[in-house]
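> give me the fold of what follows.
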Amino acid sequence: MKDLPLRRGQLITTFGPGALVVSPEGETAIIGALDKWYYNIKGQQLNSLHEYEVQEPRLKSLLQVKKLFLPPDFRAGYQYQGEGNVIQQTNTDVYIPLLRFPTWHYCPKCKTLHQLPLSSRTSWYHCRECDRSVKMIQVPFVIVCRHGHISDFPWQEWVHRNEDTSCEGTMKLLSTGGTTLDSLKVECSCGKDRSLKGVMIKNKVDQHNNNRSALSIMLNDNVEKEYTCPGTKPWYGSLEEKDKCSEYPVAVLKNSINVYFPIKVSAIHIPGDRSAEIESLINLFEKRGITSSLLETHENTKGKIEFVKKICPPEINEYSDSDIERAIIYIQQGDVSSEQLSTSKSYLIEHQLRKKEFETLIEAVDHSENLKVHKEWECDEVNERDLKSLFSHVNRVTRLKETIVLTGFRRLQVGTEELSITEMREGRRLLFKNASLQENNWLPAYKVYGEGIFFRLNTDRLKLWEEKSDVKEYYEKYLKRYRKNNNYIDPNISNPRYVLLHTFSHILINELSLTCGYNAASIRERLYLDENQSGILIYTSSGDSDGTFGGLVRMGLKQNFFPIVYRALERAKWCSSDPVCTEIGMSSGQGLNKLNGAACHSCTYIPETSCELQNLSLDRSLLVHPKIGFFNIV
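Numbers count the residues shown, from 1 in each chain. Below you'll find the model as predicted:
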């Protein structure tokens, strides 16, 4: 496989360890585990990683990891050869490990199936039937389970209808013409053949009324024998090491979206209770590349202070040693003490992060380089017939820094529940082959800078709206659908504002993208949905594409923001798929597991990278319906 260019941000969001990625030539590979990320082309581990370290102590404390690292960038070593001491470039020729997967391929001429090793760098292989070297084509299927395993499709077991088969005959993947799986079949030289019909059915009720995958039910001729997941983790570098897994695997296309769902935690940098001097020192340390790894090279505090003074410009002498010491402690330890963590093993990480963020964003902030918040508008007098009275605050966030951390991944189904520290530890076991090693006490992270608009709805008006009998009756129908299809029940879901705020965020993002020219994929939402919060941050952090030149912040001005709100609500009253969208949404629900009301691709959906809840829990009716709409005064 040829070199595959990936951006650092993609390695955190879309193509983390365990994800399948397709090269421009059409070959598929799986991203290797984090244990082998910082090795060069010679197989040598990098000695110093301090230049990759990300400073976000608040996240490190909450995630209980020692360090956060940027994915390595590629620097071609040949560019610096023969330069002597003029250019001293470190960490050259560092690659992200890629492994060939799926390993089964077929010959494009004779259709014979061959299994190539994970480490194969090319798809050229000697075909037994053609007796010549042929560029093989990878099979289109893999099997996955909810525990994160991914395996090759069991071709031999499937064609022989027996997972314990000992036949080692030559197999062929043949097409009889057509576009469905009915037209594909596997043939073995022993005379057995079988169609692939039905292998991708996720849930199928068997004769005993058990809900299992079609593959588990149909693979064996013996109906009493269930086929379970092989427990393979090829991103660890081996097909032989397997976990014991009792899950029912599902056959999926290798480029299907449900093969890999990253689990991420993100945090907006906040100054906290630190003084302006401490905050300035922290920013200075970041600019000079002073990380906890560098500070660890000095044993005592005095040595660390002297080291910092040598690295930083003369302006550091304007600060006292006690301020420098406090900044160093923050860089190394963060805001959350080990005593606090030890008393709360199952706390929700996102809840802890957003509680502090909300308290910060609602006030003006101007002494931090990484977060600047300007108060734009505040409701002083409530007028029941004025749309502005439904809001309590509108603030413009002219600068923010967001740190995104990959903590694990899921397969088959996306999770909308909040991540606890226990679940995060389970996720780390998927990212690392040896997660318990001390040197693996880290997670990959990525930082971006942006701008945004923060606003809060009037909490008292929300409570009055939620007490209306029509709203309660309508929302109870949604809760029944939600409870039926979700094992985890978000405590906030019991309040209609959960769906209201999320839907309002979506229609506002769509309107902003039309008004100020931003691509909808470059605008994101950050929801603060606790009972006493009811806030939304709409922001952009895509400096490489749309930039952060004030276009979004300008829309936060009072004279611009409320007209946009009016237009967004007016547009939400009608969908191009109406009356179908509204009628079906309000009667039986629509979308995945019927978790949406009047919401579809034509009116409310935004790119999934912009949405925190995967385009679920949306309903325009709660915004603008004549009887139950919160904004129906417009």
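
> who's Phe69 bridged to?
Note on Phe69: beta-bridge partners Glu53, Pro444, judged by DSSP bridges.

> scratch that, Val265 is what I was asking about
Partner residues in beta bridges with Val265, using DSSP bridges, are Val405.

> show the contacting residues for it.
The contact partners of Val265, taken as CB atoms under 8 Å, 6 or more residues apart in numbering, are 59, 63, 349-350, 353, 404-405, 407, 419, 424. Placement of C-beta: from N, CA and C, glycine included.

> including secondary structure and pLDDT, could those go into CSV?
As requested, the contacts of Val265 are exported to CSV (DSSP: H, G, I helix; E, B strand; the rest coil; pLDDT from 0 to 100):
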residue, secondary structure, pLDDT
Leu59, helix, 86
Leu63, helix, 86
Ile349, helix, 74
Glu350, helix, 76
Leu353, helix, 83
Ile404, strand, 92
Val405, strand, 93
Thr407, strand, 92
Leu419, coil, 63
Met424, helix, 74
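
> please identify which pair of those lies farthest apart.
By the measure CB to CB, those have their two most distant members at Ile404 and Met424, which lie 14.3 Å apart.

> and the strand or helix carrying Leu113, which strands flank it?
Secondary structure assigned from DSSP states H and E places Leu113 in strand 113-115. For strand 113-115, the paired strands and their directions (DSSP bridges) read strand 104-106 (antiparallel).

> pLDDT (mean, whole number) over the strand it pairs with?
The average pLDDT within strand 104-106 is 96.

> identify the residues contacting that strand?
Where contact means CB under 8 Å, 6+ apart, the residues beyond strand 104-106 that reach it are 112-116, 123, 125, 136-139, 152-153, 155, 172-173.

> closest to Lys472 among those residues?
Lys472 has its nearest neighbour among the contacts of strand 104-106 in Phe153, at 49.0 Å by CB to CB.

> my guess is the closest one contacts Ala251. True?
Yes: in this structure Phe153 lies within contact range of Ala251 using CB atoms under 8 Å: 6.1 Å.

> which residues are common contacts for the two?
Listed contacts common to Phe153 and Ala251 are 141-143, 199; contacts here mean CB under 8 Å, 6+ apart.

> just say helix, strand or coil for the nearest residue to Ser48 once chain neighbours are set aside.
Distances taken as CB to CB, 6 or more residues apart in numbering place Thr90 nearest to Ser48, at 7.1 Å, with adjacent residues excluded. Classification of Thr90 using DSSP: H, G, I helix; E, B strand; the rest coil returns coil.

> kindly report the same for Arg526.
At Arg526 the chain is in strand, as set by three-state DSSP.

> that one against Gln533, yeah?
No: when contacts are counted by CB under 8 Å, Arg526 is not listed as touching Gln533 (11.4 Å).

> and Thr479, how far from Ser587?
Quick fix: residue 479 is Leu, not Thr. Leu479 is 16 Å from Ser587, where distance means CB to CB, to the nearest Å.

> compare the two (neighbour count), which wins?
In this view Leu479 and Ser587 are compared by other CB atoms under 10 Å, and Leu479 has more residues nearby, 13 against 10.

> give me the mean pLDDT for the helix or strand hosting the more buried one.
Per DSSP H and E: Leu479 is located in helix 469-485. The average pLDDT within helix 469-485 is 90.

> cool, and stretch 613-631?
Here the mean pLDDT over stretch 613-631 is 93, rounded to a whole number.

> gap between it and the chain center?
Shown here is stretch 613-631, whose average C-alpha point lies 25 Å from the average C-alpha point of the whole chain (CA atoms, centre = their mean, to the nearest Å).

> so for that stretch, what gets flagged as buried?
Of all the residues in stretch 613-631, those buried under the rule 16 or more other CB atoms under 10 Å are 613, 615-625, 628-631.

> can you flag which of the residues you listed belong to helices?
In helices, judged by DSSP state H, the following of these are found: 621-624.

> from these, which is closest to Trp465?
Minimum distance to Trp465 across these is 9.0 Å, recorded for Leu622 (CB to CB).

> next, count neighbours for the closest residue to that closest one other than its chain neighbours.
Once its chain neighbours are removed from consideration, Leu622 has its nearest residue in Leu500; the separation is 4.7 Å (CB to CB, 6+ apart). Counted with other CB under 10 Å, the burial measure for Leu500 works out to 27 neighbours.

> wait, Leu500 sits on Ser621?
No: at 9.9 Å, Leu500 and Ser621 do not qualify as touching, with contact defined as CB under 8 Å.

> list the contacts of Glu357.
Here Glu357 is in contact with 267-268, 270, 526, 528 (CB under 8 Å, 6+ apart).

> same question but for Ser189, I mixed them up
When contacts are counted by CB under 8 Å, 6+ apart, Ser189 is found next to 169-171.

> can you select the buried ones from the contacts of strand 104-106 in ChimeraX?
In ChimeraX, the members of the contacts of strand 104-106 classed as buried (16+ other CB under 10 Å) are selected with the following command:
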select :112,113,114,116,123,125,136,138,139,152,153,155,172,173
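
> tell me the least confident of the contacts of strand 104-106?
Among these, pLDDT bottoms out at Ser123, giving 91.

> tell me how far that residue lies from Leu99.
Distance of Ser123 to Leu99, computed by CB to CB: 14 Å.

> ok, Val365 next?
With distances defined as CB to CB, the gap from Val365 to Leu99 amounts to 45 Å.

> and what of Ser368?
Between Ser368 and Leu99 the distance, using CB to CB, works out to 43 Å.

> just Ile362 next, same as before
If you measure Ile362 against Leu99 using CB to CB, the figure is 47 Å.

> compare these two (neighbour count), which wins?
The residue with more neighbours, out of Ile362 and Leu99 and counting by other CB under 10 Å, is Leu99; that gives 22 against 19.

> if the more buried one is in a bridge, with which residues?
When bridges are taken as DSSP bridges, the partners of Leu99 come out as Ile30.

> in the helix or strand containing Val397, what's buried?
Assigned by DSSP H and E, Val397 belongs to strand 391-410. Judged by neighbour count (16+ other CB under 10 Å), strand 391-410 contains these buried residues: 391-410.

> per-residue pLDDT of Ser545, please?
pLDDT recorded at Ser545 is 40.

> how about Pro24?
Reported pLDDT at Pro24 in the predicted model: 84.

> ditto for Val205
Each residue has a pLDDT score; the one for Val205 is 48.

> apart from its neighbours in sequence, what residue is nearest Gly452?
Spatial nearest neighbour of Gly452, chain neighbours left out: Tyr539 (2.7 Å); criterion: CB to CB, 6+ apart.

> the helices in the stretch 201-350 of the chain, which residues?
Taking DSSP state H, counting those that start in this stretch as the test, the helices found in the stretch 201-350 of the chain are 214-218, 276-287, 292-295, 301-311, 321-333, 338-342, 349-361.

> which strands or helices does the fourth one pack on?
When contacts are defined as 3 or more CB pairs under 8 Å, 6 or more residues apart in numbering; DSSP states H and E, helix 301-311 packs onto helix 292-295, helix 321-333.

> same thing but at 10 Å, please
Counting contacts by 3 or more CB pairs under 10 Å, 6 or more residues apart in numbering; DSSP states H and E, the secondary-structure elements packed against helix 301-311 are helix 276-287, helix 292-295, helix 321-333.
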